[in-house]
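> kindly return the folded structure for what I paste below:
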Amino acid sequence: MSQPAFELHPQLAADTFVVGELPLSRLLLMNDARFPWCILVPRRQRLRDLHELDAADSGELFAEIRQLSLRLLALGDVDKLNVAALGNRVPQLHVHVIARRTTDAAWPDPVWGWGTAQPYPRIHAESWLDELRAGLELS
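Here you go, the predicted structure:
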């Protein structure tokens, strides 16, 4: 019996740009220019929490979190990385990786629910997407 095709939750699709595909996850860029904020979504159906991943996928997801974290740090001007899998509003398993600065608008509070998202101007979004794709060797 084959697995159903991967479908991205509509809320994630509405709030993000697709950066590309990693071995396990679809990598997204949150459309909020206030914070360098990426989201990893494992391409597995009907998962909500991390413990539902099998051992191999769990290891791969951690490797992707690490790879993405190092890429965000390489972009510079990062004081702290926040990594979280909440899923309270979007029931599809996804992991936020957010590069924080002590000068950002929400510091030191969490970014969730803080102020109003500021969508990227298209040219800035394209630049971020290109930088992430190049650094992660995604086409």
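
> hey, let's count contacts and neighbours off CA atoms from now on
Will do.

> and the gap between Leu28 and Ala55?
23 Å (Cα to Cα, to the nearest Å).

> who's more crowded, these two?
Neighbour count, other Cα atoms under 10 Å: between Leu28 and Ala55, Leu28 has more, with 22 against 10.

> so for stretch 84-98, mean pLDDT?
Averaged across stretch 84-98, pLDDT comes to 96.

> name the SS class of the residue nearest the centre of the chain, please.
Residue closest to the average C-alpha location in the chain (Cα atoms, centre = their mean): Ile39, at 1.2 Å. Following DSSP: H, G, I helix; E, B strand; the rest coil, we place Ile39 in the strand state.

> what's the closest non-adjacent residue to it?
His96 (4.5 Å; Cα to Cα, 6 or more residues apart in numbering).

> what does Val78 give?
Val78 sits nearest to Arg101 (Cα to Cα, 6+ apart), 5.4 Å away.

> let me see the contact set for that neighbour.
If you count contacts by Cα atoms under 8 Å, 6 or more residues apart in numbering, Arg101 has them with Asp77, Val78, Asp79, Lys80, Trp107.

> farthest-apart pair in these, please.
Among the contacts of Arg101, the pair separated by the greatest distance (Cα to Cα) is Asp77 and Trp107, at 14.1 Å.

> pull the number of nearby residues for Asp109.
10.

> let me redo that: Tyr120
15.

> cool, the one 3 residues further on as well?
Residue neighbour count, defined by other Cα under 10 Å, stands at 9 for Ile123.

> do you know how far it is from Asp130?
11 Å.

> same deal with Arg89?
For Arg89 relative to Asp130 (Cα to Cα), the value is 29 Å.
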